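>>> predicted model follows, preceded by the sequence.
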Amino acid sequence: MDGVNPRRWWALLVLATAQFMVIMDTSIIGVALPEMQKDLGFSQGELQWVFNAYVIAFGGLLLLGGRLSDLLGARRVFVGGWTVLIAGSVVAAAAQTAWVEVAGRAVQGVGGALIAPAAMTLLMMLFGHDPKELGKAMALYGAAAPAGGTAGVFLGGVFTEWLSWPWVFIVYVPIGLATLAATGLLPAVAPRRGAVDVLGAVFVTAGLALAVYALVRAPETGWGSASTVLQLIGAAVLLGLFLVVQKVVGQPLMPLGVWRVPRLGSANLAMALLGAAWIPMWYFLNLYLQQVMGYGAFASGAALLPMTGLLMVFMTAVTGRLLGRFGAKRLIGAGLLVLALGLVWLSAVGPTGSFVVDVLPASLVAALGMSLAYIPAMMAAMSGAPQEQAGLASGIVNTTYQVGSALGLAALTALATSQGAGRLGDLPALTDGFSAAFLGAAGIAAVAGVLTLTVMRGEPAAQGAAAGERVGA
């Protein structure tokens with residue numbers, strides 16, 4: 001693209017809408033889950049697949065989406081991603097059985113995996129000419145993520161309570177079509193020659209899906225059963241084959257040399273464990289509010305708005321300043337430990353709990369921890385990468401978070417089910433199961449916080465200040 005695009009700020013609106021919708025897709029279903037469970041016949045353990053089908057496809061294919069964006073042109077992949085997302089939304093909305101619903105969610109995840117890296121590439125094309133403009137654009141684009149999470153919670157409640165749960169998917173159709181109509185604002189790039197590591201994408205996605213499936217089925221089949229052990233071994237073999245392929249193919253999805261980037265490994269470990277603690281908390285808190293406290297879908301969504309509002313305010317207005325003052329390592333470690341504290345507090349909920357006393361303050365503490373850790377972990381993962389590997393580092397850390405979310409939810413669902421969360425209608429048993437999941441998530445967050453503070457390298461003060469200025473721009 002020659003010169004500066006005069007319509008770049010309008011184009012940013014299109015890209016921010018994409019970010020908003022992709023993140024909303026992970027939160028809008030939360031309050032709709034109990035109604036979907038009733039209508040489609042999900043068991044308590046199977047219900048998590050409505051979430052995990054999306055994040056496995058999204059996380060497993062993000063690297064492939066980034067590679068396709070480089071080869072085919074970011075705008076083409078962006079358009080293709082929205083087309084796939086709309087198709088998946090139609091399938092999910094029209095589903096009459098549990099596994100058609102799961103299939104629709106997986107297709108949505110494929111669309112998201114194409115949209116997200118293409119949108120980031122387009123943003124860099126539009127604003128990479130001016131560091132100050134890029135900082136502002138990144139701040140606005142980044143703010144779309146917590147905004148999408150907040151809107152998803154609220155709209156999920158509105159649609160489920162006053163319309164029906166399929167509307168949490170139907171909403172993507174008109175917004176998607178409007179976004180497609182506006183893609184003329186985005187810069188076009190000619191495709192270039194290169195190979196696509198399809199085999200690597202197949203191995204990593206299949207390995208993740210099999211690992212999650214084994215964890216989901218383990219409470220029913222037995223942790224020591226032949227099927228569970230063989231499935232986990234199969235998952236390890238597939239993921240091992242992915243690493244072998246990355247080493248031997250000429251143009252891998254994830255060149256293994258990227259792991260020599262300072263702090264990339266420790267930051268990705270922090271992101272994986274953050275997702276493994278945060279997403280299960282969100283999932284089980286929704287179920288606790290509706291299945292134990294008796295909240296309707298709208299009331300449940302409204303109950304989570306203070307938490308998501310705090311996230312949005314801190315991520316967009318506070319975290320960047322703190323990052324410049326304290327550095328990523330301290331902020332990530334402190335945020336994870338604060339998240340652990342909030343989760344321990346949540347684990348004390350009872351079958352006759354009070355929202356104001358038992359849920360609200362604990363959820364706000366947990367949200368504070370998340371808001372302190374998330375952006376610094378992203379920045380730590382990307383800050384040491386050279387410019388030619390920045391996109392790859394971004395794709396890896398986003399993939400890591402999604403994978404951690406899926407595996408954490410699968411493991412903690414197994415824990416919750418073993419402690420009584422599968423007994424619908426038995427409020428003490430349900431509460432015991434949800435409490436166990438909160439406590440397990442607290443353990444994950446605490447371990448992550450300690451590891452971050454002991455293993456991650458610090459950064460020079462000047463680098464931390466620069467990162468804080470970019471985030472707070």
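Done, it's in.
>>> what ranges in the stretch 301-450 of the chain fall below the confidence cut-off?
Regions of the stretch 301-450 of the chain meeting the criterion pLDDT under 70 cover residues 383-392, 394, 422, 424-425.
>>> can you map out the helices along it?
305-317, 319-326, 328-346, 360-383, 390-416, 427-455 (DSSP state H, counting those that start in this stretch).
>>> make CSV out of those and add mean neighbour count.
Placement of C-beta: from N, CA and C, glycine included. Conversion of the helices of the stretch 301-450 of the chain to CSV gives the following (neighbours: other CB atoms under 10 Å):
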stretch, mean neighbour count
helix 305-317, 19
helix 319-326, 20
helix 328-346, 25
helix 360-383, 24
helix 390-416, 25
helix 427-455, 21
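>>> nearest to Ser69, of those helices?
With CB to CB, the closest approach to Ser69 among the helices of the stretch 301-450 of the chain belongs to helix 390-416: 8.5 Å.
>>> by contact count, what packs against that closest one?
For helix 390-416, the packing partners by 3 or more CB pairs under 8 Å, 6 or more residues apart in numbering; DSSP states H and E come out as helix 49-72, helix 98-127, helix 198-221, helix 264-287, helix 360-383, helix 427-455.
>>> of all the ones you listed, which one is nearest Gly404?
Per CB to CB, nearest to Gly404 of the helices and strands packed on helix 390-416: helix 264-287, 3.3 Å.
>>> buried residues in the closest one, which are they?
264, 266-287 (16 or more other CB atoms under 10 Å).
>>> okay, that helix in PDB with CA atoms only?
In PDB, the C-alpha atoms belonging to helix 264-287 read as follows (Å, rounded to 0.1, in the frame of the first residue of the first chain):
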ATOM      1  CA  LEU A 264       8.200 -16.000  25.300                       C
ATOM      2  CA  GLY A 265       8.100 -19.400  27.100                       C
ATOM      3  CA  SER A 266       7.400 -18.000  30.600                       C
ATOM      4  CA  ALA A 267       4.800 -15.500  29.300                       C
ATOM      5  CA  ASN A 268       3.000 -18.200  27.300                       C
ATOM      6  CA  LEU A 269       3.000 -20.500  30.400                       C
ATOM      7  CA  ALA A 270       1.400 -17.700  32.400                       C
ATOM      8  CA  MET A 271      -1.200 -17.100  29.700                       C
ATOM      9  CA  ALA A 272      -2.100 -20.800  29.500                       C
ATOM     10  CA  LEU A 273      -2.600 -21.000  33.200                       C
ATOM     11  CA  LEU A 274      -4.500 -17.700  33.300                       C
ATOM     12  CA  GLY A 275      -6.900 -19.100  30.700                       C
ATOM     13  CA  ALA A 276      -7.100 -22.400  32.700                       C
ATOM     14  CA  ALA A 277      -8.200 -20.500  35.800                       C
ATOM     15  CA  TRP A 278     -10.300 -17.600  34.400                       C
ATOM     16  CA  ILE A 279     -12.500 -19.300  31.900                       C
ATOM     17  CA  PRO A 280     -13.700 -22.100  34.200                       C
ATOM     18  CA  MET A 281     -14.500 -19.500  36.800                       C
ATOM     19  CA  TRP A 282     -16.700 -17.700  34.300                       C
ATOM     20  CA  TYR A 283     -18.300 -20.900  33.200                       C
ATOM     21  CA  PHE A 284     -19.100 -22.300  36.700                       C
ATOM     22  CA  LEU A 285     -20.200 -18.900  38.100                       C
ATOM     23  CA  ASN A 286     -22.800 -18.700  35.400                       C
ATOM     24  CA  LEU A 287     -24.100 -22.200  36.300                       C
END
